[in-house]
Structure formats: structure tokens, C-alpha cells
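Novice: Just a sequence and a predicted model for now, questions to come.
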Amino acid sequence: MNLIALARTPDSGITKAEIEGSLARIDYGANLHVPIKSTDGKSCVLPYCPEAAVGQTVTASGAKIASVNHTNDEKGEPDETIVELSKTPGDVVELLIPAPVTAAARMGLSVADLEAIKGVVNAL
């Protein structure tokens, strides 16, 4: 909230655009951006991603993970994650897997706190 007060002060040097950029980076960091290696219908092959879990919404279109399987390479090391989605992912090149710890959480901000801050910033 101190940044918002600074943005309201004309000679502070902090602009609304800078705060919006910071909020956008916080939003971006709420998810792991996992590249899709290949896809076949609703099935997507990803690099190994232990954070993938059934029920997560992973695309802007609302596709959710219906199943998760991890594969190992010939040495027995984790290799890939295969997820089955509730619907085809479309033309996306990455899945947005919820991050186990977000920047907002590390700052002690809830989703409601972030939305309230965004509302104040939009009113500037």
C-alpha cells in the first residue's frame, strides 16, 4: 500500500505504470510456465513437473488436469510428465501449473489483497 501512496504523490517518482508492471509480474509468478513438448488431443507431454496435480486449471480456456503420470529415463531418473486434460489445450505452448509458493504469498498478500490493490491502482 505504500507504493500506492507514493504513486498518488506527484513528485515521488513512482508511476501508476510501474505499479501495474509490478502487479503483472506478481500475477505471472503465480504459475509455473511449463512448456508443452508434444500434444495429442487432450494428452500433453511436459518436462518432468512434480507440481502438476489432478484438478488444477492450467489454461486460459479453463482446461483442467484430469490425470498425471510421470515417466523415468533409462537411468530411472524423472524424465517427463504426461497430463490428460479435461479438453484439448488448443494452440497454447505452455501449461500454467500453480506455483507451490507465489511471490504474493511470500509478501504475505492474499488473492483478495492483490485484487484490492489492483482496484486502487486502476482508480489512480
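Specialist: Nice, thanks for sending it over.
Novice: Following element in sequence after the lowest-mean-pLDDT helix or strand in the chain, please.
Specialist: Ranked by mean pLDDT, DSSP states H and E, the weakest helix or strand in the chain is helix 2-8, scoring a mean of 67. For helix 2-8, the succeeding helix or strand toward the C-terminus, using DSSP states H and E, is helix 16-28.
Novice: Please name every helix or strand in contact with that following helix.
Specialist: helix 2-8, helix 103-106, helix 111-123 (3 or more C-beta pairs under 8 Å, 6 or more residues apart in numbering; DSSP states H and E). Heads up, the C-betas are built off the backbone N, CA and C, glycines and all.
Novice: so where's the protein shaky on pLDDT?
Specialist: Counting by pLDDT under 70, the chain has low-confidence residues at 1-4, 6-7.
Novice: cutoff 80 now
Specialist: Across the chain, the ranges flagged by pLDDT under 80 are 1-16, 60, 111, 120, 124.
Novice: Now stretch 59-70 - C-alpha only, PDB.
Specialist: Only the C-alpha atoms of stretch 59-70 are listed here, as PDB (Å, rounded to 0.1, in the frame of the first residue of the first chain):
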ATOM      1  CA  THR A  59      -5.000 -22.900 -19.400                       C
ATOM      2  CA  ALA A  60      -6.900 -19.600 -20.000                       C
ATOM      3  CA  SER A  61      -9.700 -21.700 -21.600                       C
ATOM      4  CA  GLY A  62     -10.200 -23.500 -18.300                       C
ATOM      5  CA  ALA A  63      -8.800 -26.900 -19.200                       C
ATOM      6  CA  LYS A  64      -8.100 -28.900 -16.000                       C
ATOM      7  CA  ILE A  65      -5.800 -31.700 -15.400                       C
ATOM      8  CA  ALA A  66      -7.700 -35.000 -15.400                       C
ATOM      9  CA  SER A  67      -4.700 -37.300 -14.800                       C
ATOM     10  CA  VAL A  68      -1.000 -37.100 -14.200                       C
ATOM     11  CA  ASN A  69       1.700 -39.700 -15.000                       C
ATOM     12  CA  HIS A  70       5.400 -39.300 -14.600                       C
END
